[in-house]
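J.: the following block contains a protein sequence and its predicted model.
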Amino acid sequence: MHSMVNTPEELVQKILPMSLAKPAYNEIRPKRFIRLLQSNHATADETDEQGLSRRSPLIVAFGDSVTAGWCEGNLFFEPEVRQMLMESGPPMEHITDIEIVYHEQLRKMLAQKYERISPSVVNSGISGDTITGMYHRVERDVLRYDPHLILLNGSLNWKEDTAAYAEWYRRVLERLMGETDAEIVVMTPNLIIPALRGDLDRRVQVLLEQADRYGLCVCDTYSLWVRLEQTGIDITQLLSNGVNHPTAFGHRLYANELMKLF
């Protein structure tokens, strides 16, 4: 199904220049993946070391409901949260829209920028998953695809202390770095409503510290959303369910930030 909730056009026109003007988090780039985008023309006469036709550049997007493409829907929340949300708005049936999700927008942007390539994306997002769950499914949902690039977006869902989050995040990173040849992009999340944020600020700081420690690429969408809120913008207009799932334009902000790496 297609998401039916759109960010108002006047707000899009206000935010878009801010998004495009925001500098990337650091100077680290996925150089090997960029060379692959520049050189792989997806033709049968281009072969690898085994004599097989070179495969297209492959990205694995590893994350939670945002990565999975969940949009509208608030019926899946826990009873006490659902009750709180019902007081401020009607129940919304669940919609998944994989055409607007950030990594699909990125795939199309890459295909437009780097002509004659056919980049592929494996969607390894699972709604409600935490960094702990992601650790336990690394083999099934990332490693077996032998990706060229991994987008790691796993910080919205967490109820334990920040120290535990930091430990599990480190474990995920070290498995990805140690068991693949892929380049890794550490992604910060979109903002969600204040009532559900908990220690989200501290979790974002944790993942940025670990990205710095390991010298990884960063897609820092979070700082843009924080800036938007600080300027008085109602960020619920960027959330398709008014809670935590971005609209199509909210996903575009992710894609814009990712494209700064390329």
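T.: Nice, I can see it.
J.: span of stretch 119-133 from start to end?
T.: 27 Å (Cα to Cα, to the nearest Å).
J.: now do the buried residues in that stretch.
T.: Buried residues in stretch 119-133, counting neighbours by 16 or more other Cβ atoms under 10 Å, are found at 119, 121-127, 129-132. Backbone N, C-alpha and C define where each C-beta goes, glycine included.
J.: please apply the same query to stretch 171-185.
T.: 172-173, 175-176, 180, 182-185.
J.: likewise stretch 29-44?
T.: Residues of stretch 29-44 classed as buried by neighbour count (16+ other Cβ under 10 Å): 30, 33-34, 36-37, 40.
J.: CSV for those residues, including pLDDT?
T.: Converted to CSV, the buried residues of stretch 29-44 look like this (pLDDT from 0 to 100):
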residue, pLDDT
30, 98
33, 97
34, 97
36, 93
37, 94
40, 80
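J.: closest one of these to residue 209?
T.: Distance ranking of the buried residues of stretch 29-44 against residue 209, using Cβ to Cβ, places residue 30 first at 20.1 Å.
J.: which residues does the closest one contact?
T.: 149, 183, 185, 217, 261-262 (Cβ atoms under 8 Å, 6 or more residues apart in numbering).
J.: the stretch 151-262 of the chain: helices as residue ranges?
T.: 162-179, 200-214, 222-230, 248-259 (DSSP state H, counting those that start in this stretch).
J.: before we move on, the earlier item: quickly name whichever of the contacts of residue 30 is closest to residue 108.
T.: Nearest to residue 108 among the contacts of residue 30 is residue 262, at 12.8 Å by Cβ to Cβ.
J.: my guess is the closest one contacts residue 37, does it?
T.: Yes. Using Cβ atoms under 8 Å, residue 262 and residue 37 qualify as a contacting pair, with a distance of 7.3 Å.
J.: find residues that contact each of these two.
T.: The contact sets of residue 262 and residue 37 overlap at 110, 113-114 (Cβ under 8 Å, 6+ apart).
J.: what's the neighbour count on residue 105?
T.: When neighbours are counted by other Cβ atoms under 10 Å, residue 105 registers 20.
J.: state the distance from it to residue 135.
T.: 27 Å (Cβ to Cβ, to the nearest Å).
J.: farthest-apart pair in the contacts of residue 30, please.
T.: Checking the contacts of residue 30 with Cβ to Cβ, the most distant pair is 183 and 262, at 11.6 Å.
J.: just to revisit the earlier point, pipe the buried residues of stretch 171-185 into a markdown table and attach distance to residue 141 and pLDDT per row.
T.: A markdown table is the format used below for those (distance: Cβ to Cβ, whole Å; pLDDT from 0 to 100):
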| residue | distance to residue 141 | pLDDT |
| --- | --- | --- |
| 172 | 11 | 98 |
| 173 | 15 | 98 |
| 175 | 12 | 98 |
| 176 | 11 | 98 |
| 180 | 12 | 97 |
| 182 | 13 | 98 |
| 183 | 18 | 98 |
| 184 | 15 | 98 |
| 185 | 16 | 98 |
